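J.: Give me a 3D structure for the following:
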Amino acid sequence: MANAPAARETSATGDPPSPPPAIVLIEDETHIRRFMRAALGGAGYRLFEAATAEDGLAEVSARQPALVIVDLGLPDLDGLEVIRQLREWTMVAIIVLSARGQEQDKVLALDAGADDYLTKPFGVGELLARMRVALRNWAKAQDSGDTAITIGDLTVDLVRHSAAVAGNEVHLTSIESKLLRAFVRSPGKLLTQSQLVREVWGSAGAQQTGALRVHMVQLRRKLEADPARPRYLLTEPGVGYRLAVE
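T.: The predicted model follows:
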C-alpha cells in the first residue's frame, strides 16, 4: 500500500523533477506503520507498506526501492530470512527496526546483509539520519566510478591506497589499508567484526577478532586527532565499527 502521490511539479526547464526515493516498509504492527507513514511522508519520501514478509518481498520486487525498512518479528517469516532472500538478488539499502535489542540480534542482522539496525522505540530524527546515510550509500553504489572519499579533514583514495589527514599523507600498513578500504566502500554502514575479519583475512581468519581490535586501535591513532574520542571510526560495542559521515 502506498501513500497518495503528491501533485507533480514542473522544474524550471519544463521537465518534471525526479521523484523522491521509494521506501518499502515491512512491518506488521499497525501503529508503527501509521507512525512511519506520517514521519516519512512528512519528510517527502514515497512509502510503500507491507504487513507480512511475503507481501514485503513482492513490494520490493514491484517497486524497486532505494531502501527497505524491515521488522524482524514478522508473522509469516523471520526478518533475517527476508534480508537473506533480498540479498540473493538486490543490493538495496536495508535498515532493521526491531524490539530485539541484544548485540547478537544486531550481529545476525548485519551479517545477513542489513546496512543498519535501530532498536524500538526510536526517534524520528535518528531514523531519518540513518536513512540519509543508507540512501547515500545506495546512490554511491549506482556510480562505481567514485574512487575517493573526503570526510572532514580525512581523505581516502582507493586507487592510490592512500589516506591523508588535513592534507598530510598517513602511512598505512597493508592490513590498515584493507580495513580503511572496507569502511570507505560502505561509509556510514555498521560493519560487524566478522565482516571486517573476512574482508582482511578471508574466510580462514575467523580467529582474528583480537587482531582486528589491535589494528583498529593503530588505525585510530593515525587518523584521529583524539583516538579516545574518535570522530571518524566509531565503535558499537560488541557489534562492530562504522565510518561516520555525519
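
J.: Look up which residues are beta-bridged to E236.
T.: G240 (DSSP bridges).

J.: got the contact list for R136?
T.: P187, G188, V245 (Cβ atoms under 8 Å, 6 or more residues apart in numbering). Quick note: C-beta positions are derived from backbone N, CA and C, even for glycine.

J.: The closest residue to L191 other than its chain neighbours: neighbour count?
T.: Excluding the flanking residues, the one nearest L191 by Cβ to Cβ, 6 or more residues apart in numbering is G240, at 5.0 Å. Neighbour count of G240, defined by other Cβ atoms under 10 Å: 23.

J.: what's near enough to touch G113?
T.: Contacts for G113 (Cβ under 8 Å, 6+ apart) come out as I83, R84, L86, R87, I94.

J.: now the helices: where do they sit in this protein?
T.: With DSSP state H applied, the chain shows helices at 30-42, 53-63, 79-87, 103-112, 124-142, 174-185, 193-201, 209-223, listed in chain order.

J.: count of neighbours near the residue lying closest to R185 once chain neighbours are set aside?
T.: Nearest non-adjacent residue to R185, counting by Cβ to Cβ, 6+ apart: L158, 7.8 Å away. Here the number of neighbours of L158 (other Cβ under 10 Å) works out to 15.

J.: Check K178 too.
T.: K178: 16 surrounding residues under other Cβ under 10 Å.

J.: Which pLDDT value belongs to the closest residue to P75 other than its chain neighbours?
T.: Excluding the flanking residues, the one nearest P75 by Cβ to Cβ, 6+ apart is D28, at 5.4 Å. Turning to D28, the model gives it a pLDDT of 95.
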